[in-house]
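In: I would like the atomic coordinates for the input below:
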Amino acid sequence: MHLLLKGIVIGFAIAAPVGPIGALCIRRTLADGRLVGLLSGLGAATADGIYGAIAAFGLTAVSAFLVGQRLWLGLTGGIILLFLGIRTFVARPASAARPASPSGFLKAYGSTFVLTLSNPVTILAFAAVFAGLGVTAGGDHGQAALLVLGVFLGSAAWWVILSVGVGASRGWFNESGMRWVNRVAGVVIAGFGLAALLNALR
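Out: Presented below is the predicted three-dimensional model:
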């Protein structure tokens, strides 16, 4: 049980810093509702869980392949973030949260899942943290599974808190306020995309 709790703490700590996914989640929650914002966060949490599992279970061939492709993955992720940032910046502000369709839910989840997977160096971070906790690749698979489950639950908990909290503040934003939300979120997301491109090309 203590490994599960440690995993929850790790997952929460990894998800909590506001980056491009956080900015995207906040903006989508305000524009499209809590569920779309939450699904955006859960896409990232799922990708974190996958990378955590690769590190914990010692899937070295998969890890080496993904890290070896970080140039192309970084370029892809950076381009997607730039596109999302520009589209968010110029988007018309919604006067109220728009109800999303099932395809919209899938798109919200899938887009952040792909974006988070575009940073395979996360595997190395998980491997270092797990080694510090004494969970080594190829060791007790039950312990590794518990830790990975905790990582996912901790990350998901952060996205629940964020989407519910931001959704509760939706009434504070009029059309002008939402326009500024779009602009700020667009600049933040595009800025991370540009940074990802420059980092991939270095």
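In: hey, let's count contacts and neighbours off CA atoms from now on
Out: OK.
In: Strands of the protein, start to end?
Out: Using DSSP state E, the chain contains no strands.
In: Point out where it drops to low pLDDT.
Out: For the chain, the stretches flagged by pLDDT under 70 are 1, 18, 58-69, 93-102, 121, 130-140, 171, 173-175.
In: center of it - which residue?
Out: With distances taken as Cα atoms, centre = their mean, A44 lies nearest the centre of the chain, 3.2 Å away.
In: residues contacting that one?
Out: Contacts for A44 (Cα atoms under 8 Å, 6 or more residues apart in numbering) come out as I21, Y109, T112, F113, L115, T116.
In: out of those, who's nearest V184?
Out: For these, the residue nearest V184 by Cα to Cα is I21; the value is 13.7 Å.
In: thought that closest one was touching F113?
Out: No: using Cα atoms under 8 Å, I21 is not in contact with F113; the gap is 9.7 Å.
In: Overlap of the contact sets of those two?
Out: Here I21 and F113 have S40, A44 as joint contacts, going by Cα under 8 Å, 6+ apart.
In: measure the nearest residue to A185 once chain neighbours are set aside to V129 for me?
Out: Leaving aside its sequence neighbours, A185 sits nearest to A23 (Cα to Cα, 6 or more residues apart in numbering; 5.6 Å). Going from A23 to V129 by Cα to Cα, to the nearest Å gives 26 Å.
In: again, but for F12
Out: Plainly put, F12 is 14 Å away from V129 if you go by Cα to Cα.
In: So those two - more neighbours on which side?
Out: Ranked by neighbour count (other Cα atoms under 10 Å), F12 and V129 place F12 first, with 22 against 17.
In: Buried residues, stretch 109-126. List them.
Out: Buried positions in stretch 109-126, judged by neighbour count with 16 or more other Cα atoms under 10 Å: 109-124, 126.
In: now stretch 188-202
Out: Using 16+ other Cα under 10 Å as the test for burial, stretch 188-202 gives V188, I189, A190, G191, F192, G193, L194, A195, A196, L197, A200.
In: For the fourth one, which non-adjacent residue is spatially closest?
Out: It stands for G191. G191 sits nearest to L82 (Cα to Cα, 6+ apart), 7.5 Å away.
In: I'd guessed the one you found sits against I189; true?
Out: Yes: using Cα under 8 Å, L82 is in contact with I189, at 6.8 Å.
In: Show me the buried residues of stretch 109-126 that map onto helices.
Out: If you go by DSSP state H, those have 109-117, 122-124, 126 in helices.
In: okay, among those residues, which ones form the most distant pair?
Out: Most distant of those, by Cα to Cα, are Y109 and L124, 24.1 Å apart.
In: Quickly note the distance from the closest residue to L5 other than its chain neighbours to A190.
Out: Ranked by Cα to Cα, 6+ apart and with sequence neighbours excluded, the top spatial neighbour of L5 is G150, at 6.3 Å. Applying Cα to Cα, the value for G150 to A190 is 31 Å.
In: Same check on V181?
Out: Taking Cα to Cα, one finds V181 at 14 Å from A190.
In: Now the common contact residues for these two.
Out: In contact with both V181 and A190: no residue, using Cα under 8 Å, 6+ apart.
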